[in-house]
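Visitor: heads up, no residue letters with this:
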């Protein structure tokens, strides 16, 4: 028995004698019939207006982007939530270069999509529709035909830790050669993010990524946790024994974070595994072979530890077939981009977007970030709580202000004020004196941030004084 439906009749046809006007196009896109038609289509369909505002996204597109429809429609093509699986900025970049067919990868690198754009003109200025058709790529070899890498994905790769694109590419080559990768850098620079990026870029889909924080495992439990143990190996052992971290990472990636914290007594056993791929769980009578990729990371100087005898030299060489050195945040020249990139993520969880005042941004650009990217994230989260719509210097965390108020250089000699213009009044003389001292400090220390630190004032105050007198 056929059941009646509430779907309105769908009329598909061609308008003779010219193109559809804007009113007809807008009515078509907003109709329930057109939406129903798009939803039964297997390809992802996204319709945007001349301003790149998304008017419609069908069910397939929402699935490919891993977003709800309400998170897509009404937004702009280049401003989808950061957790969108596919960054459509790649299509925009390709279209601006004259190509309306490109291939985009999802952020995890696990799937690729053909994205083709079609323009429907209305004959009216700045009134047209862009329709994107997305289809999951079946042949992995087609990925070589990517028109251009998505700028958003590129920016997020930059955000990870700031190594050069060449270093990242070489790390993938090292991983594919089963070479051990050592990631060096201060705490908070993004070592874990880099390890995850390498794994997602190079490992086969579905392979495990096992993150082991070596510094959090007590020395007495290190061997049983990392190598596993057999039934009855010791008092309190589980009835069926336990598989260790190394075996859990079989076929995937073992990430040994804080590798410098491994007890010296356990380093020899780890060295054996790195040499021949075999492990012997605690209480086992025989060893077993485990094939896994190994990435290690530390914020300490392993060469100094080797010289001091607290880290085995042979283990160091086994771990460092390929080394990535991640610069700290204060050494990077893309801080402004990072701040705005992270601010986008923060704004995804706010009802109204947070903006940084000019003074607040200047203070953040001059700050030295001892906690690196992790601290920058925390500062932005703090501002998202403290500020309503515009964050100002006074909204910054107290400990950030304290960090900027370090003791002055005792060797700094303060210049005497110039009394030639005493008739201008005390206030003008004080301002002129301040500008003279600030100018000397900036010239000596090379940056406003360092000058403010030595003058024991906030960098925002220093910048404000310079602008007032400029």
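Guide: Received, thanks. Because the structure is predicted, anything quoted here is derived from the model rather than measured.
Visitor: tell me what the longest strand along the chain is packed against?
Guide: Secondary structure of the chain per DSSP state E: the longest strand is strand 112-124. Contacts defined by 3 or more C-beta pairs under 8 Å, 6 or more residues apart in numbering; DSSP states H and E place strand 112-124 against helix 22-30, helix 89-96, strand 101-105, strand 127-136. From N, CA and C alone the C-beta is placed, and that goes for glycine too.
Visitor: ok, now with 6 Å
Guide: Judged by 3 or more C-beta pairs under 6 Å, 6 or more residues apart in numbering; DSSP states H and E, strand 112-124 is in contact with helix 22-30, strand 101-105, strand 127-136.
Visitor: To residue 450, which of these lies closest?
Guide: strand 101-105 (41.4 Å; C-beta to C-beta).
Visitor: So for that closest one, mean pLDDT?
Guide: For strand 101-105, mean pLDDT is 68.
Visitor: After the helix or strand containing residue 201, which helix or strand is next? Please name it.
Guide: Using DSSP states H and E, residue 201 falls within helix 191-202. Of the helices and strands lying after helix 191-202 in sequence (DSSP H and E), the nearest is strand 209-213.
Visitor: Could you give the average pLDDT over that next one?
Guide: 93.
Visitor: Quick one: name whatever helix or strand follows that strand.
Guide: helix 222-227.
Visitor: Report the next helix or strand after that following helix in sequence order.
Guide: Per DSSP H and E, the helix or strand that comes after helix 222-227 is helix 245-248.
Visitor: rewinding a little: out of the helices and strands packed on strand 112-124, which one sits most buried?
Guide: Most buried of those by mean neighbour count (mean count of other C-beta atoms under 10 Å) is strand 101-105; its value is a mean of 21.
Visitor: Between the helices and strands packed on strand 112-124, which one is closest to residue 427.
Guide: That would be, of those and by C-beta to C-beta, strand 127-136, which comes in at 58.4 Å.
Visitor: where does the chain dip in pLDDT?
Guide: Residue ranges of the chain with pLDDT under 70: 1-20, 90, 93-103, 105-111, 137-165, 236-237, 239, 402-425, 460, 467-470.
Visitor: quick one, longest helix in it?
Guide: Assignment by DSSP state H gives helix 426-445 as the longest helix of the chain.
Visitor: just checking, what packs against that one?
Guide: Against helix 426-445 (3+ C-beta pairs under 6 Å, 6+ apart) you get helix 448-455.
Visitor: repeat that with 8 Å
Guide: Short answer (3+ C-beta pairs under 8 Å, 6+ apart): helix 426-445 packs on helix 448-455, helix 459-469.
Visitor: Off-centre distance for stretch 187-202?
Guide: 10 Å (C-alpha atoms, centre = their mean, to the nearest Å).
Visitor: Could I get the buried residue list for it?
Guide: Within stretch 187-202, the residues scored as buried using 16 or more other C-beta atoms under 10 Å are 188-202.
Visitor: now the longest helix of the chain against helix 448-455, angle please.
Guide: Orientation of helix 426-445 against helix 448-455 (axes from the mean of the first three to the mean of the last three C-alpha atoms, to 10 degrees) gives an angle of 110 degrees.
Visitor: for helix 426-445, which positions count as buried?
Guide: Going by 16+ other C-beta under 10 Å, helix 426-445 has these buried residues: 429, 432, 434, 437, 438, 440, 441, 442, 445.
Visitor: and residue 323, helix, strand or coil?
Guide: strand (DSSP: H, G, I helix; E, B strand; the rest coil).
Visitor: burial of it, as a residue count?
Guide: Number of residues near residue 323 (other C-beta atoms under 10 Å) recorded here: 16.
Visitor: List the beta-bridge partners for it.
Guide: Here residue 323 sits in beta bridges with residue 182, going by DSSP bridges.
Visitor: isn't it right up against residue 185?
Guide: No - look at residue 323 against residue 185 with C-beta atoms under 8 Å: they stay out of range, at 10.7 Å.
Visitor: How about the contacts made by residue 41?
Guide: 58, 60 (C-beta atoms under 8 Å, 6 or more residues apart in numbering).
Visitor: Name the SS class of it, please.
Guide: Per three-state DSSP, residue 41 ends up coil.
Visitor: ditto for residue 83
Guide: Once three-state DSSP is applied, residue 83 turns out coil.
Visitor: Tell me who's in contact with it.
Guide: When contacts are counted by C-beta under 8 Å, 6+ apart, residue 83 touches 66, 67, 348.
Visitor: For it, grab phi and psi.
Guide: Dihedral pair for residue 83: phi -90, psi 0, per degrees, to the nearest 10.
Visitor: Which stretch among the helices and strands packed on helix 426-445 is buried most, on average?
Guide: Mean neighbour count (mean count of other C-beta under 10 Å) peaks for helix 448-455 among those, with a mean of 21.
Visitor: Would you check how far apart the closest residue to residue 368 other than its chain neighbours and residue 300 are?
Guide: Leaving aside its chain neighbours, residue 368 sits nearest to residue 330 (4.7 Å; criterion: C-beta to C-beta, 6 or more residues apart in numbering). For residue 330, the distance to residue 300 equals 19 Å [C-beta to C-beta, to the nearest Å].
Visitor: swap in residue 231?
Guide: For residue 231, the distance to residue 300 - C-beta to C-beta - is 37 Å.
Visitor: Quick check on those two: which one has the bigger neighbour count.
Guide: Taking other C-beta under 10 Å, residue 231 and residue 300 do not tie; residue 300 has more neighbours (16 against 12).
Visitor: Could you report the neighbour count for the residue nearest to that one when sequence neighbours are not counted?
Guide: Leaving out its chain neighbours, the residue that sits closest to residue 300 by C-beta to C-beta, 6+ apart is residue 260, at 4.2 Å. For residue 260, the neighbour count with other C-beta under 10 Å is 17.
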